[in-house]
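Peer 1: next come a sequence and a model predicted from it.
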Amino acid sequence: MVYVHVQAFAGIVSLLNAVRGANNLPSLGFLHPRLYAAAAAASSSPAMFFDIVVGNSSVGGDMYDCGNGFEAATGWDATTGWGSPRWEGLVKYLTQD
């Protein structure tokens, strides 16, 4: 399973902003509206995210096992959102206006 931390994704956004700056474009700013619009338009390859379809958010095998959790599924899910970032897709959809 491919997984990325919030801090790592912040670094990816910084790199995307660097690409935008090199092309004389403004920074992404508040990312959510642009990200959702790009995700809706990204029906072709490359996708912006690797869809995580197996696994869940329960912690198992120790005293902290919650016994349940959110299951990963095709498309958006509570465990990973859209999935793990895919650089090629993010560049394609977020570094041009």
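Peer 2: All right, it came through fine.

Peer 1: what bridges to the residue nearest the centre of the chain?
Peer 2: When Cα atoms, centre = their mean is applied to the chain, the residue found nearest the centroid is Pro85 (4.2 Å). In this entry, Pro85 is beta-bridged to Phe49, by DSSP bridges.

Peer 1: shaky segments in this structure?
Peer 2: 1-5, 42-45, 59-68, 79-80 (pLDDT under 70).

Peer 1: go again using 90 as the cut-off
Peer 2: For the chain, applying pLDDT under 90 flags the ranges 1-10, 31-32, 34-86, 93, 96-97.

Peer 1: could you pick out the longest helix of it?
Peer 2: Assignment by DSSP state H gives helix 6-22 as the longest helix of the chain.

Peer 1: ok, now which ones touch the residue nearest to the centre of the chain?
Peer 2: 4, 9, 12, 48-50 (Cβ atoms under 8 Å, 6 or more residues apart in numbering). In this view, the C-beta of every residue, glycine as well, is placed from N, C-alpha and C.

Peer 1: give me the buried entries from the residues you listed.
Peer 2: Using 16 or more other Cβ atoms under 10 Å as the burial test, those include 48-50 as buried.

Peer 1: could you export stretch 76-94 as PDB, CA atoms only?
Peer 2: C-alpha atoms of stretch 76-94 as PDB (Å, rounded to 0.1, in the frame of the first residue of the first chain):
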ATOM      1  CA  TRP A  76     -12.700   8.500  -2.300                       C
ATOM      2  CA  ASP A  77     -12.600   6.800   1.100                       C
ATOM      3  CA  ALA A  78     -12.200   7.900   4.700                       C
ATOM      4  CA  THR A  79      -8.900   6.100   5.200                       C
ATOM      5  CA  THR A  80      -6.900   7.800   2.400                       C
ATOM      6  CA  GLY A  81      -9.100  10.400   0.800                       C
ATOM      7  CA  TRP A  82      -8.400  10.000  -2.900                       C
ATOM      8  CA  GLY A  83      -5.300   7.900  -2.300                       C
ATOM      9  CA  SER A  84      -1.600   8.600  -2.600                       C
ATOM     10  CA  PRO A  85      -0.300  11.400  -4.800                       C
ATOM     11  CA  ARG A  86       0.900  10.700  -8.300                       C
ATOM     12  CA  TRP A  87       3.500  13.300  -9.400                       C
ATOM     13  CA  GLU A  88       2.800  13.100 -13.200                       C
ATOM     14  CA  GLY A  89      -0.900  13.700 -12.700                       C
ATOM     15  CA  LEU A  90      -0.500  16.500 -10.200                       C
ATOM     16  CA  VAL A  91       2.000  18.300 -12.500                       C
ATOM     17  CA  LYS A  92      -0.400  17.900 -15.500                       C
ATOM     18  CA  TYR A  93      -3.500  19.200 -13.700                       C
ATOM     19  CA  LEU A  94      -2.000  21.700 -11.200                       C
END
